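Peer 1: give the three-dimensional model of this entry:
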Amino acid sequence: MTRAPLSAPQRTVPMHTLPPVRVVGLGASAGGLAALESFLGGVPPGSGLALVVVQHLDPTRKALLVELLRRATPMPVTEATDGLRLQPDHVYVIPPDHDLTVVAGALRLSSPHQPRGLRLPIDRLFESLAADGGERAVGVVLSGMGADGTLGLRAIRAAGGLTLVQSPETARYASMPQNALASGCVDIAAPPGELAARLLAARGAVPGKAAPPDDEAVLGILLQLLRDHTRHDLSDYKPSTLRRRIERRQAVHGLDSPAAYAAFVRQNPQEIDLLFKEMLIGVTRFFRDPEVWDELRDQVMPTLLDRARSGEPLRAWVVGCSTGEEAYTLAMVHAEASAAYTARTGQPAPGLQIFASDLSQEAVAVARRGLYPSGAVDELGPERLQRFFRPVQGGYRIDKPIRDRVLFAQHDVILDPPFTRLDLLSCRNLMIYFNAALQRRLLPLFAYSLRPGGALLLGGSETVGHGPTLFAPVNPKSRLYWRNSHTLHAGAVDFPVGLRSAVRPHHKDFAVPASTPSPANLQTLAEQTLLKAFAPAAVLVNDQGDVLYVHGSVGPYLEPAAGKANWNIHVMARPTIRTQVAVALRQALHDGATVELVGLRLDEDGSRAAVDVTVSLVGVSGAPSVQAAPAGLLLVAFRPAPVPTRSRRRPAGGELPSEALQAELQRCKDEIQALRLEMGASAEELQAANEALQSVNEELQSANEELTTSKEESQSMNEELQTLNQELQTKLDDLALAHSDMQNLLNSTDIATLFLDNELQVRRFTEQITRLIHLRESDIGRPLTDLASTLDYPDLVADARQTLRTLTFTEKEIATTDGHWYMVRIKPYRTLADLIQGVVITFIDITAAKALEARLRQG
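Peer 2: Numbering: from 1, shown residues only. All right, here's what the predicted structure looks like:
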């Protein structure tokens, strides 16, 4: 599918009133301070740039960013205020808890309209720069987490401005630069210290400052290079659009003329790919022009659902789907219309199969992933967001029922065969970038792709032009059109050339029966038909001409061909009647009526015999009919015909009588006319069948690409699960090591310790406790009251319960039956979350201290 390059959008201020200063938006987040300092350090005095800095700041605290940046640059650094006019060689910093935009060369502050955590202040600034400055705008994304800035860079790129990104490998947090690069809308990627020099080098060749290239030869050279390298022909695009996109690449490399850029392209073949991507810049969003989608949902979609064939889904084609927002929007509209259809009829609504195509492989890959940043879904509303998306890390992913409705494929609408048998075709804001000749060629192609009664959706600046016989508007101001029932022959459509292949025609209306009846049934069927009408020699054939049954002697009319056996009437018929019989078979199939051929000659001079041929479609009113006859069977009957008499002797001059000459001439005319009809019908069917096969091939290729993508996604998910499993295994190993450390620590203290839960059941103990209480590993979970010990401590259980109840510390000196003394301490067991989950009892051996105390008392 072909997508057009985008020119600069309408700006709020005319170009001649724009301020001379060039505004550079700098966006950064986590780890961005060092990158900002490095960038500003590379901006020389007198650069003429006004730099506007936006960073994700804590809205509740005073920012120190102004003071910190003043150390990195001699330029004045000030905090932005509302209405402040931009001056060259100045740095302006966003204040906390504000959104910052640029309008008519002045700074504008506003309160954030999104809650904390969902704000995208960098996108807001960049989008305002694109609208205000157009080709003068510059956006720079530095280190940070998330995807803020990506949508803004896309808007600047579409407006013709310059986009720069810090190299991810040099960023402390690479998420923001990586997301920007993945979008395909970045002109320059470099370390932050080099970005300023690259920007200043590009400024000298900025679009709008240099004169537009008028050298048609240079433009032709570049188009030829693109055509040779990519196979895509852009010569039917508007020249002004092509020149604007070439100027951008010229500015990126700091070249001063189109001729210099053409020489640069020859020396650097990789630049051809970058120039081609430049031509494919697309700006789209969900539910762009909401009133159009409301009209589609409320007026067009109900009609299509009512007309849908039983058991078949609707088919739609979104031309120029870019990163998929419009295709998914169509799927959401169908889901909403289907709910209304079910509520209205009580029946399940027909499904929808959407074929979404684009020329950019990168855009198709983004669309297939179905993952969009938070800023891309801001305008959907909470109801649609909850119904059609699910939040994931990094944004929102299209829900599976919506995703399954869409098949994405790389496709060139100019060169590749179209999708066919469509109920809806959407081609918005694409044809405005094509010249008039290409627009006139595409509209009949779209009409050919649509079924009669199908709908065509165009952009706000597009119309069907001079094609009123093909389309009728839904209403006078609408960009939605109905496909008229006007017959469109294949010859009226300028199909893509160079891609057709010689294939055997196989018209969908002439399908071979699913199963051939048995010979016994065929004989009965043929005999009944012949007995009802006549009993000449005849053959029963299917719609492909294969002979299924022979009645009587057909030797004078049919003969097997030499070589491999081929029981087909088109091969077996005598040469003199072959063409007429083929035309009659086709006519009988097409019209459903009996066709009679009178007086066909069986030899070249017509002296031996003639035959009348009748071709009847079995089972059709007015033709031989049998109950339960299979579809597509024809009866070809041969009846001998009298040979016109001729004079046995020719005149002296050797000429034939005038009557014979007239008859011979008429026979030749009939044969020529039959051949013409046959050739015309065959050509149309060949073209239609070939286009249908090409479309089927495209659909199969799309499905195959979808399966490949699903396989890759599954493989990626499996790798992520393996990584997660390894991380969990590492955590388990760490926990096991920590447990071993703790166990060794407890044992090394030589203190008997007993852990009890809230029910005073054993949960854990150290080795030393076994000298006091008879415990084994199997005793874990047993109540304390069931355990035997050498302690003379009958109140142990009561003290433990007291500690649990009052959360107070208990300490007593307790003797044992074997003459030892222990300091028994009972403390509540507190978790890190300060929850009480039992008690800890420690037994410290104080036997030596007690003995010393006794000796001291005795002394």
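Peer 1: biggest helix in this structure by residues?
Peer 2: Taking residue count as the measure and DSSP state H as the definition, the longest helix of the chain comes out as helix 658-748.
Peer 1: next one: it to chain centre, how far?
Peer 2: Once both centres are worked out by C-alpha atoms, centre = their mean, to the nearest Å, helix 658-748 turns out to sit 14 Å from its chain's centre.
Peer 1: average pLDDT for it?
Peer 2: Averaging the model's pLDDT scores along helix 658-748 yields 73.
Peer 1: quick check: buried residues in stretch 825-838?
Peer 2: Within stretch 825-838, the residues that qualify as buried by neighbour count (16 or more other C-beta atoms under 10 Å) are 825-826, 829, 838. Bear in mind the C-beta positions are built from the backbone N, C-alpha and C, glycine included.
Peer 1: mind putting these into TSV with pLDDT, secondary structure and distance to residue 287?
Peer 2: As requested, the buried residues of stretch 825-838 are arranged in TSV below (pLDDT from 0 to 100; DSSP: H, G, I helix; E, B strand; the rest coil; distance: C-beta to C-beta, whole Å):
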residue	pLDDT	secondary structure	distance to residue 287
825	93	strand	69
826	93	strand	67
829	92	strand	57
838	92	strand	58
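Peer 1: dump those residues to CSV, plus distance to residue 246.
Peer 2: Conversion of the buried residues of stretch 825-838 to CSV gives the following (distance: C-beta to C-beta, whole Å):
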residue, distance to residue 246
825, 84
826, 85
829, 75
838, 77
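Peer 1: of those, closest to residue 850?
Peer 2: Distances from the buried residues of stretch 825-838 to residue 850 were compared by C-beta to C-beta; the smallest belongs to residue 825, at 16.3 Å.
Peer 1: who's that closest one bridged to?
Peer 2: When bridges are assigned using DSSP bridges, the partners listed for residue 825 are residue 811, residue 842.
Peer 1: please name the residues that touch it.
Peer 2: 809-811, 841-842, 844 (C-beta atoms under 8 Å, 6 or more residues apart in numbering).
Peer 1: which one of the buried residues of stretch 825-838 sits closest to residue 268?
Peer 2: Each of those was checked against residue 268 using C-beta to C-beta; the closest is residue 829, at 71.1 Å.
Peer 1: which parts of the stretch 151-300 of the chain are strands?
Peer 2: With DSSP state E, counting those that start in this stretch, the ranges of strands along the stretch 151-300 of the chain come out as 162-166, 188-190.
Peer 1: save these as a markdown table, and put in mean pLDDT too.
Peer 2: Compiled in a markdown table, these are given as follows (pLDDT from 0 to 100):
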| stretch | mean pLDDT |
| --- | --- |
| strand 162-166 | 91 |
| strand 188-190 | 87 |
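Peer 1: okay, those, which one's buried deepest?
Peer 2: Compared across these, strand 162-166 shows the largest average neighbour count, a mean of 28 (mean count of other C-beta atoms under 10 Å).
Peer 1: before we move on, the earlier item: who wins on neighbours among the contacts of residue 825?
Peer 2: The member of the contacts of residue 825 that has the most neighbours, counting by other C-beta atoms under 10 Å, is residue 841 with 25 neighbours.
Peer 1: how close does the nearest residue to it once chain neighbours are set aside sit to residue 342?
Peer 2: Setting aside the residues directly before and after it, residue 841 is nearest to residue 754 in space (C-beta to C-beta, 6 or more residues apart in numbering), at 4.5 Å. According to C-beta to C-beta, to the nearest Å, residue 754 stands 66 Å off from residue 342.
Peer 1: over to residue 746?
Peer 2: 67 Å.
Peer 1: for residue 22, see how far away the residue nearest to residue 428 when sequence neighbours are not counted is.
Peer 2: On the basis of C-beta to C-beta, 6+ apart, the spatially nearest residue to residue 428 that is not a chain neighbour turns out to be residue 459, at 4.0 Å. Using C-beta to C-beta, one gets 31 Å for the distance from residue 459 to residue 22.
Peer 1: ok, these two, which is more surrounded?
Peer 2: Neighbours of residue 459 and residue 22, each counted by other C-beta under 10 Å, are more numerous for residue 22; the result is 22 against 18.
Peer 1: neighbours of residue 735, how many?
Peer 2: Other residues near residue 735 number 10, with proximity taken as other C-beta under 10 Å.
Peer 1: and residue 754 and residue 342? Which one has more around it.
Peer 2: When residue 754 is set against residue 342 and neighbours are counted by other C-beta under 10 Å, the residue ahead is residue 754, at 25 against 13.
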